[in-house]
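[1] Mind looking at a prediction? Sequence and model below.
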Amino acid sequence: MAVAYLGIEKGVPVNLVSRLMHVDPSFVTTHSKLLEKNGLLRHKSSANDTWILQMSLTAKRAASRDFGATTGSAK
C-alpha cells in the first residue's frame, strides 16, 4: 500500500510512508536511499518545508508493474 502512494507525481513524505508501514522514519530513509542509488526512487525537498523529504518513483520504476522486485530488473 505504501509503495502505491509513491506513484503520485509530487511524491509523499517519509513520515507518511513510515506510518503506513508501521516502522520508524529512519528505517524508511535508510532503505529509500538504497532504492534511490539504484535509480528506482527519487528524493526531493518539499516546496513548503525543506525539512520534509518527498519521495516518488522514478520513470524506471514507475514503468514496472512488478512491485515485488527490488533490483529494478523486472520486465
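    Yes, it's here.

[2] what is the mean pLDDT for the longest helix along the chain?
    If you go by DSSP state H, the chain has its longest helix at helix 25-37. Helix 25-37 shows a mean pLDDT of 91.

[3] what's that helix in contact with?
    14-15, 17-18, 21, 41-43, 53, 55, 61, 70 (CB atoms under 8 Å, 6 or more residues apart in numbering). All C-beta spots, glycine's among them, are computed from the backbone N, C-alpha and C.

[4] Which of those are buried? Put it as a PyMOL command.
    Of those, the buried ones can be selected in PyMOL as follows, counting by 16 or more other CB atoms under 10 Å:
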select buried, resi 14+17+18+41+42+53+55+61
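
[5] farthest-separated two in the contacts of helix 25-37?
    15 and 70 (22.1 Å; CB to CB).

[6] Strand partners (parallel or antiparallel) of the strand or helix carrying residue 42?
    When elements are assigned from DSSP states H and E, residue 42 belongs to strand 41-45. Paired neighbours of strand 41-45 in the sheet (DSSP bridges): strand 53-57 (antiparallel).

[7] then the partner strand to CSV, C-alphas only?
    Output of strand 53-57 as CSV, limited to C-alpha atoms (Å, rounded to 0.1, in the frame of the first residue of the first chain):
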residue,chain,number,x,y,z
LEU,A,53,11.6,14.9,2.2
GLN,A,54,9.2,13.9,-0.6
MET,A,55,9.7,10.5,-2.2
SER,A,56,8.5,9.4,-5.6
LEU,A,57,9.1,6.6,-8.1
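
[8] Measure how it sits relative to helix 25-37, angle-wise.
    50 degrees (axes from the mean of the first three to the mean of the last three CA atoms, to 10 degrees).

[9] Tally up the residues packed near residue 38, please.
    15 (other CB atoms under 10 Å).
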